[in-house]
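In: how would this look folded up:
(2 chains)
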Amino acid sequence: MSNTQPAPVASEHVELKARKVSFDWEETPLHWVPGDPFTTHTINVLHLLLPAGERWFVHVYKQALPHITDDRLREDVIGFIGQEAIHSQAHDDVLPHLRKLGLDPTPYTAQVDWFFEKLLGDRTLPPGRPRRWWLMERVAMIAAIEHYTAFLGNWVLNADELDRVGADPTMLDLLRWHGAEEVEHRSVAFELFMHLDGGYRRRARTWALAFSALVFLWQRGIRFFMENDPSLLDPKASFADFVRRGRKGVLPSTPDMLRSIPRYLSRAYHPSQEGDTAQAMAYLASSPGANGGR
Amino acid sequence: MPRFTTVALAAGAALLVRRAVRSRMTTAPLWPMPALDEPVSGYGRGSTVPRKVLVTGRATPAEGVVELRLEGAGLPAWQPGAHIDLVLPSGLVRQYSLCGDPADTGAYTVATRLIEEEQGGRGGSREVHEQLHDGVEVEIRGPRNRFPLIDSPAYVFVAGGIGVTPVLPMVRAAEAAGAEWRLVYCGRSRATMPYLDEVERLGRDRVTVVAEDESGRPDLGFLGELPDGTVVYCCGPDGLMDAVGAAMPEGRAARFERFSAAATTGGTAFEVELRRSGRTVAVAADQSVLEAVREELPGITYSCRQGFCGTCQQRVLEGEIEHRDELLTDAERGDSMLICVSRCAGKRLVLDL
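Out: As a prediction, this is how the structure comes out:
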């Protein structure tokens, strides 16, 4: 099988460290993509999912840490944990601002909290194989989700259309700082999965689970925001809206998203083959939020 | 026709299900998932959001002391003894006690004494004195309280110079609660002691002012004969706090507020017991708790090693913690610490590890 082993691109590896950040939401309007509530709320769903989701990543990886036998990977995972912890905090800190603008996210986030803390949380399993099985399932799910976070990170770093339409600079900085760190650490979750398990059937199965969950959570999230937005008279949202904005460039394009599916399922896939670490590092060096945090 | 009936029934059922799901989704957007009883997301620490305040008042309550009024929107409530971090324009971070009125929810008040470089000043107070004028915007963190006023029928307060700042709201609170209290307020000379008038107004017979140029050092002998149940609070120069500590009766401790140099590494050596592992490790003066614990438990989790990511948070079972992180809330600080930066204020900590 050695000829089908996924090959990392060596030049894309960097030492990972958590950056302290600071984002001031005072000036950010409800529709931070001006005049486009659908795009605003589609991206806002990130703030609903990531606080609980990334806390869960940290929780699972803390349990995976003792199983790692490769020192460099261990260092990478430690850096990854810190970055994810800060991502979770930074998105969490957007939620009180949404509440202040009249859009209380709690009905949704309380359910996402249940999803990650209970449904995907630690289960009462006998020690040994069953417990390891559940840990490996979750490690594999995180690898699949990270494929999409890296995809979105790479997209937002290059989404010049958002600048052109005058999106709020603080929100763009949050998204691009986060996106850049996702690109920076995009190989860690996959490498951890390959190191601890690497089974192809598990990879395909957990991909299907993660993908369906993301689609479900995202479309419900968009509907939730649109229906509860106090300034919208017509809260309709459809898949066609999504496709149209993908074409325009303010959201990821649907064909690009479809094309990313077979890539993750390819046996030769390695995350370092996609995205550009140098671009991510360049953004991080100039991000007001990441440097403002000092 | 049976086929027509089947289609009609199926369509009717689908419509009903759609309506049922819709109505449920208005209260539970992710129906059929349940919600967590106590939601976690959206009620975080706000650690990535800067809090900006505006200097809207500047006064000189004593020689070499400036008082700043810092106005802001949505400032958190605070209790006597609390302090804030002031992020100065140069990026220096300094702690100052809140000395205003907790009922004033629109502003915080702090007072700073200028410490010259030859007296060991490190530039923070000079920056406050020279740069923070009316209309300047500064960032603050906190407030936090590591010097809380506990309920008691009787208090003794000992304040030295600018150390009166955390004590002043405490005295006001004790007076308002009708408690028995006494204040010993020391300083170099009356002219350099802020808030003397107010302190004397609060209770002339309860306040002893000891200005060094008039009456020398304070007599703290009375601390040795304090009745049980009288709580002693002290804030001031190290010499004063050492003297108060020494004057206390055997087995009783005063409560101190120390604004030592905010070092992020190093300190004194102490030991840490890992209760669940049944092991004890020594933490050297130039070593973090994390480094010492890792030698025994290599699998322990951590990440940023600077006290902001929260990965290394551990439960503390016994011992007095010296918190040096920027993340935990007061409630979390009660029984946990970030072992990458925080240390022990005494000789021994017991961790749930």
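In: Now do the same for the residue nearest to A:Pro66 when sequence neighbours are not counted: helix, strand or coil?
Out: Nearest non-adjacent residue to A:Pro66, counting by CB to CB, 6 or more residues apart in numbering or on different chains: B:Gly299, 4.0 Å away. Yep, even glycine has a C-beta here, placed from its N, CA and C like the rest. Following DSSP: H, G, I helix; E, B strand; the rest coil, we place B:Gly299 in the coil state.
In: Relative to A:Asp76, how far out is the residue in the stretch 1-150 of chain A positioned nearest to chain B?
Out: Here the residue of the stretch 1-150 of chain A nearest chain B is A:Gly82; by CB to the nearest CB that distance is 2.8 Å. For A:Gly82, the distance to A:Asp76 equals 11 Å [CB to CB, to the nearest Å].
In: so where is chain A shaky, pLDDT-wise?
Out: Along chain A, the model assigns pLDDT under 70 to residues A:1-5, A:10, A:292-294.
In: And the helices in the chain?
Out: By default, I'm working from chain A. According to DSSP state H, chain A carries its helices in the segments A:37-64, A:71-92, A:95-100, A:106-114, A:129-157, A:160-164, A:169-184, A:188-196, A:200-228, A:239-248, A:254-265, A:277-286, A:288-292.
In: other chain: chain B
Out: Ranges of helices in chain B, per DSSP H, are B:2-27, B:124-131, B:164-176, B:196-202, B:212-215, B:238-247, B:289-296, B:330-335.
In: which one of these lies closest to chain A?
Out: Closest among the helices of chain B, using CB to the nearest CB: helix B:2-27, at 6.8 Å.
In: so the residue nearest to A:Pro66 touches A:Ala64, yeah?
Out: No: the pair B:Gly299 and A:Ala64 fails to qualify as a contact (CB atoms under 8 Å) at a distance of 10.5 Å.
In: The residue nearest to B:Val272 when sequence neighbours are not counted: neighbouring residues, count only.
Out: Spatial nearest neighbour of B:Val272, excluding adjacent residues (CB to CB, 6+ apart): B:Leu349 at 4.9 Å. Using other CB atoms under 10 Å in any protein chain shown, B:Leu349 has 26 neighbouring residues.
In: so who does B:Leu349 touch?
Out: For B:Leu349, the contact set (CB atoms under 8 Å, 6 or more residues apart in numbering or on different chains) comprises B:Phe270, B:Glu271, B:Val272, B:Glu273, B:Val289, B:Val316, B:Glu318, B:Gly319, B:Ile321.
In: Going by distance to chain A, which of those wins?
Out: Distances from chain A to the contacts of B:Leu349, taken by CB to the nearest CB, are shortest for B:Val289, at 16.9 Å.
In: Test for you: state the pLDDT assigned to the closest one.
Out: On the pLDDT scale, B:Val289 is placed at 95.
In: how close does the closest residue in space to it that isn't next to it in sequence get to B:Arg276?
Out: Leaving out its chain neighbours, the residue that sits closest to B:Val289 by CB to CB, 6+ apart is B:Ile339, at 4.1 Å. According to CB to CB, B:Ile339 and B:Arg276 sit 15 Å apart.
In: between these two, which one's more packed in?
Out: For B:Ile339 versus B:Arg276, neighbours defined as other CB under 10 Å are more numerous around B:Ile339 (28 against 9).
In: which residues sit in contact with the more buried one?
Out: B:Ile339 makes contact with B:Ser288, B:Val289, B:Leu290, B:Val293, B:Tyr302, B:Cys312, B:Gln313, B:Gln314, B:Leu351, according to CB under 8 Å, 6+ apart.
In: so how many other residues sit close to the fourth one?
Out: I take that to be B:Val293. Under the neighbour criterion other CB under 10 Å, B:Val293 is assigned a count of 23.
In: What pLDDT is listed against it?
Out: Note on B:Val293: pLDDT of 95.
In: Tell me how far it lies from B:Arg279.
Out: Distance from B:Val293 to B:Arg279, by CB to CB: 9 Å.
In: Next: the fifth one.
Out: The gap separating B:Tyr302 from B:Arg279 is 18 Å, by CB to CB.
In: who has more neighbours, these two?
Out: Using other CB under 10 Å as the criterion, B:Tyr302 and B:Arg279 rank with B:Tyr302 on top: 23 against 13.
In: pretty sure the more buried one contacts B:Gly310?
Out: No: using CB under 8 Å, B:Tyr302 makes no contact with B:Gly310, being 10.1 Å away.
In: Find the nearest non-adjacent residue to the residue of the stretch 251-353 of chain B found nearest chain A, please.
Out: Residue nearest to chain A within the stretch 251-353 of chain B: B:Ser303 (2.8 Å; CB to the nearest CB). Distances taken as CB to CB, 6+ apart place A:Gly82 nearest to B:Ser303, at 2.8 Å, with adjacent residues excluded.
In: what number of residues lie near that neighbour?
Out: A:Gly82 has 25 neighbouring residues, counting by other CB under 10 Å.
In: same question, B:Asp101
Out: For B:Asp101, the number of neighbouring residues by other CB under 10 Å comes to 12.
In: Report the contact partners of it.
Out: Neighbour list for B:Asp101: B:Thr109, B:Pro169, B:Arg172 [criterion: CB under 8 Å, 6+ apart].
In: would you list the helices of chain A in a markdown table and tack on distance to B:Val164?
Out: Listed next are the helices of chain A as a markdown table, based on distance: least, CB to CB, whole Å:
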| stretch | distance to B:Val164 |
| --- | --- |
| helix A:37-64 | 42 |
| helix A:71-92 | 36 |
| helix A:95-100 | 35 |
| helix A:106-114 | 43 |
| helix A:129-157 | 52 |
| helix A:160-164 | 53 |
| helix A:169-184 | 40 |
| helix A:188-196 | 52 |
| helix A:200-228 | 50 |
| helix A:239-248 | 60 |
| helix A:254-265 | 63 |
| helix A:277-286 | 45 |
| helix A:288-292 | 35 |
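In: what residues are up against B:Met248?
Out: By CB under 8 Å, 6+ apart, the residues touching B:Met248 are B:Leu223, B:Gly224, B:Val232, B:Ala254.
In: now, which of those residues lie within strands?
Out: Using DSSP state E, the subset of the contacts of B:Met248 located in strands is B:Val232.
In: Dump the contacts of B:Met248 into JSON lines; add pLDDT, distance to chain A and neighbour count as well.
Out: JSON lines is the format used below for these (pLDDT from 0 to 100; distance: CB to the nearest CB, whole Å; neighbours: other CB atoms under 10 Å in any protein chain shown):
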{"residue": "B:Leu223", "pLDDT": "86", "distance to chain A": "43", "neighbour count": "22"}
{"residue": "B:Gly224", "pLDDT": "86", "distance to chain A": "47", "neighbour count": "12"}
{"residue": "B:Val232", "pLDDT": "93", "distance to chain A": "38", "neighbour count": "22"}
{"residue": "B:Ala254", "pLDDT": "86", "distance to chain A": "36", "neighbour count": "17"}
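In: Could you point out which of the contacts of B:Met248 is nearest to B:Arg141?
Out: Distance ranking of the contacts of B:Met248 against B:Arg141, using CB to CB, places B:Ala254 first at 27.4 Å.
In: Any idea what the closest residue to that closest one other than its chain neighbours is bridged to?
Out: Excluding the flanking residues, the one nearest B:Ala254 by CB to CB, 6+ apart is B:Val232, at 3.9 Å. On the basis of DSSP bridges, B:Val232 is bridged to B:Val156.
In: and B:Val232, what does it touch?
Out: B:Tyr155, B:Val156, B:Phe157, B:Val158, B:Leu223, B:Leu226, B:Val244, B:Met248, B:Arg252, B:Ala254, B:Arg255.
In: Show the pLDDT at the first one.
Out: Reading off the per-residue confidence, B:Tyr155 sits at a pLDDT of 94.
In: Which positions in the stretch 101-250 of chain A make contact with chain B?
Out: Contact residues (CB under 8 Å from any CB of the partner chain) of the stretch 101-250 of chain A with chain B: A:105-115, A:117-119, A:217, A:220-221, A:223-224, A:227.
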